[in-house]
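Undergrad: 3D model of this:
(chains A and B)
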Amino acid sequence: MTGFGKPGLPVVVVVALLAVLPTWFHFNGDAFYLDLATRLVILGIAAVSLNLILGYGGLVSFGHAAYLGIGAYCVGIPAHHALYGGLDAIATNSGWFQIPLAVAVSALFALVTGAICLRTKGVHFIMITMAFAQMVYYFFVSIDEYGADDGLVIDTRSELGLIDFDNPLQLYFFCLGSLVVAMALVHMIVNSRFGMVLQGAKGNNDRMVSLGYNTYLYRLVAYVISGAMCGFAGALLGNFTTFISPEMMDWSHSGELMFMVILGGASTAVGPILGSAAFIIIEEVLSRFTIYWHLPFGLMLLAVVLFARGGFSGIIDRLRGRKLLPGEG
Amino acid sequence: MDTTLLVTQVLNGLQLGLLLFLVASGLTLVFGILDFVNLAHGSLYMLGAFICASLTFATGNYLIAILISLPLIGLAGYLVERFVARHLYERDHLDHVLGTFGLILVIDTLVHIFWGPQGIAIPLPQWLDGQVMLPGGIEVPTFRLLIIGTGLAAAGGLFWVVNMTRLGMLIRAGASNRTMVGALGIDIQALFALVFALGAVLAGLAGMLIAPITEASIGMGNNIIITAFVVIIVGGIGSVKGAFISALLIGLIDTLGRSFLDDVFKLVMSSDAAETSAPAVSAMLIYIIMAVVLAIRPQGLFPPKVR
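TA: Predicted coordinates:
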């Protein structure tokens, strides 16, 4: 256990920028950029959680958007019942109930589906994680009570006492703080003995197994942690958008999360944040120029996959002249 | 249960199953031989529908439009292979998924630019637009029978090609050991491109057949591709026979589940509970089946014999 270790220069710079810039925009009356930054940070948490299993564990989960949806519905459904009655057991606006619920339900879903998914590998794993996400998608599409296709409006944000989610700046800093905690957590996990086994299993699973590690169990635990973390991000997303629809769980959004991790540079601490920042900026800038912004976006994605392996972090490393480890680049 | 409804739904299930097979067969061949995950396969299905729609309006004849569209969509498949897929064969599946995901965005947007955001309905010729009376007094739309017939013919043709011809022999050999096929002096690159184009033609044909019923629309490929993946995973990746059986299975289960699951549920639970839970369960049914199959037989029901 190496504990927190040094956070590394890129991480400090990025977090400092995220703390200063949006605040500055906010006090200059430019609420729009704070909104943008909030989305960035929330998606950043989701990307960090995905990076734990995809980057460090080598488990290509193509269904991570489902956890965002589950987390958001865990905020929306209790709030819905608090307003309209019914299901008294969970009807509340309290964030102290909703957010732990989001984490718990996501962890449980990850445990059950992960136990099945991890029996498979390669493309089967990719497809079965996606299939489970589609299951959640269709589950919510067919429940009329919670708006089905049209989605569910969250009338009241989570009430947390000290922190007021209706205040954009407070919500933002809560999200940013959560992001820092999430990154620290992943950093700690990755550098622990547990994380070493996880990365060892990515490099050569047979070797880890013959060394006596039950890698299935290690992967399952990582999968559950990742799912729970992403569910937490989902709860924040629900609070931010005050609206949830099954569309949030569509597989294209799982693809976007993967894109963020890969573009930023998988299995690096700062990669997922760079990736989600790049995604938000690309989406925002391009969609301002043209309604066809998916075209340059798709071309860029192709270009990254075909030509720029290792993503942004890989490019930074190459500029610094650091050689990539085999299997990393 | 009502017999007329049952027969109609079985026919609908068969129709869905055969369309799924047309999409899934190309996917399973490409995957089996090239070990390449092509998410953009659904975009070729969509492209087929749009090209055929435009040509139907240009020529005034749906069938002629299909005949012209088929080689065009094969060409599109070849271009995808030549400019994207070929460069990714040596990479891992993650890169395949990301690259073809990018390709989906590109093709979807190009279709949006050329054809606009609206769906396009293809008008059917008079003689296809009617009903046929089956023995027993059940009426079914002529066009649905045509889809089923075409699907069966295409499936038969594919079996013939794969099992009876020299090309099929090479395809099967490539699926079990592509290095060896290359070592025996076969131009493996050309074989790959051909398989890719063939898969594109089959997926495009499925798109052309469904367009008169649902109209050609931008998201259509992304909906069917997921189900097609469920089909090839349940059937066993790389197996055309497995894809055929599981496509029919999935098509029938999905269609029949949506119409009859509430009746089944009412046998074991209260009518109210059945009405609420049946739609949710029937929408998830094929994914539940896939999860069960993978949990019990991770290699699928009919995995190809390899190596």
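Undergrad: Contact residues of the stretch 201-307 of chain B facing chain A?
TA: B:222, B:226, B:229-230, B:233, B:237, B:279-280, B:283-284, B:287-288, B:290-291, B:294-295, B:298 (Cβ under 8 Å from any Cβ of the partner chain). Just so you know, the C-beta spots here come from the backbone N, C-alpha and C atoms, and that holds for glycine as well.
Undergrad: Just the buried ones among those, please.
TA: Using 16 or more other Cβ atoms under 10 Å in any protein chain shown as the burial test, these include B:222, B:226, B:229-230, B:233, B:237, B:279-280, B:283-284, B:287, B:290-291, B:294, B:298 as buried.
Undergrad: roughly how far apart are the residue sitting furthest away from the middle of chain B and chain A?
TA: Among the C-alpha atoms of chain B, the one most distant from their mean position (Cα atoms, centre = their mean) is that of residue B:270, at 37.4 Å. Look at residue B:270 and chain A: by Cβ to the nearest Cβ, to the nearest Å, they are 17 Å apart.
Undergrad: Look up phi and psi at that residue.
TA: Backbone torsions for residue B:270, taken as degrees, to the nearest 10, come to phi -70, psi 150.
Undergrad: list the contacts for it?
TA: Not one residue lies near residue B:270 by Cβ atoms under 8 Å, 6 or more residues apart in numbering or on different chains.
Undergrad: let's see 10 Å
TA: residue B:276 (Cβ atoms under 10 Å, 6 or more residues apart in numbering or on different chains).
Undergrad: Also residue B:243?
TA: Per Cβ under 10 Å, 6+ apart, neighbours of residue B:243: B:20-29, B:32, B:155, B:158, B:228, B:231-232, B:234-237, B:300, B:302.
Undergrad: What of residue B:30?
TA: B:36-38, B:41, B:77, B:81, B:85, B:192, B:195-196, B:198-200, B:232, B:238 are the contacts of residue B:30 under Cβ under 10 Å, 6+ apart.
Undergrad: Distance of it relative to residue A:82?
TA: Distance of residue B:30 to residue A:82, computed by Cβ to Cβ, to the nearest Å: 51 Å.
Undergrad: in which helix or strand would I find whichever residue of the stretch 1-150 of chain A sits closest to chain B?
TA: Nearest residue of the stretch 1-150 of chain A to chain B, counting by Cβ to the nearest Cβ: residue A:138, 3.8 Å away. For residue A:138, the enclosing helix or strand under DSSP states H and E is helix A:123-141.
Undergrad: Next SSE downstream of that helix?
TA: strand A:152-153.
Undergrad: in its sheet, what does that following strand sit against?
TA: Using DSSP bridges, the strands paired with strand A:152-153 in its sheet are strand A:243-244 (antiparallel).
Undergrad: longest helix anywhere in the chain?
TA: If you meant another chain, say so; for now it's chain A. helix A:215-241 (DSSP state H).
Undergrad: um, chain B though
TA: Across chain B, the longest stretch assigned as helix under DSSP H is helix B:3-34.
Undergrad: what's the following helix or strand after that helix?
TA: Under the assignment DSSP H and E, the closest C-terminal helix or strand after helix B:3-34 is helix B:41-59.
Undergrad: Now do the contacts for residue 239.
TA: Since you didn't name a chain, this refers to chain A. A:38, A:42, A:71-72, A:75-76, A:79, A:95, A:98-99, A:154, A:156-158, A:160, A:165-166, A:171, A:174-175.
Undergrad: my bad, chain B
TA: Here residue B:239 is in contact with B:25, B:28-29, B:32, B:175, B:232, B:245-246, B:299-306 (criterion: Cβ under 10 Å, 6+ apart).
Undergrad: Take the contacts of residue A:239 and keep only those in helices.
TA: A:38, A:42, A:71-72, A:75-76, A:79, A:95, A:98-99, A:171, A:174-175.
Undergrad: Quick check: of those residues, which lies closest to residue A:200?
TA: Residue A:200 lies nearest to residue A:71 out of the ones in helices among the contacts of residue A:239, by Cβ to Cβ, at 30.4 Å.
Undergrad: distance of the closest residue to that closest one other than its chain neighbours from residue A:26?
TA: Excluding its sequence neighbours, the residue lying closest to residue A:71 (Cβ to Cβ, 6 or more residues apart in numbering or on different chains) is residue A:234, at 2.1 Å. As judged by Cβ to Cβ, residue A:234 and residue A:26 stand 24 Å apart.
Undergrad: Any idea how many residues pack against residue A:224?
TA: 20 (other Cβ atoms under 10 Å in any protein chain shown).
Undergrad: Give me the pLDDT for it.
TA: Listed pLDDT for residue A:224 reads 96.
Undergrad: can you tell me which residues contact it?
TA: Neighbours of residue A:224 in contact, by Cβ under 10 Å, 6+ apart: A:53, A:106, A:107, A:108, A:109, A:110, A:111, A:112, A:114, A:115.
Undergrad: neighbours of the residue nearest to it when sequence neighbours are not counted, just the number please.
TA: Excluding the flanking residues, the one nearest residue A:224 by Cβ to Cβ, 6+ apart is residue A:110, at 4.6 Å. Other residues lying near residue A:110 total 29 when counted by other Cβ under 10 Å.
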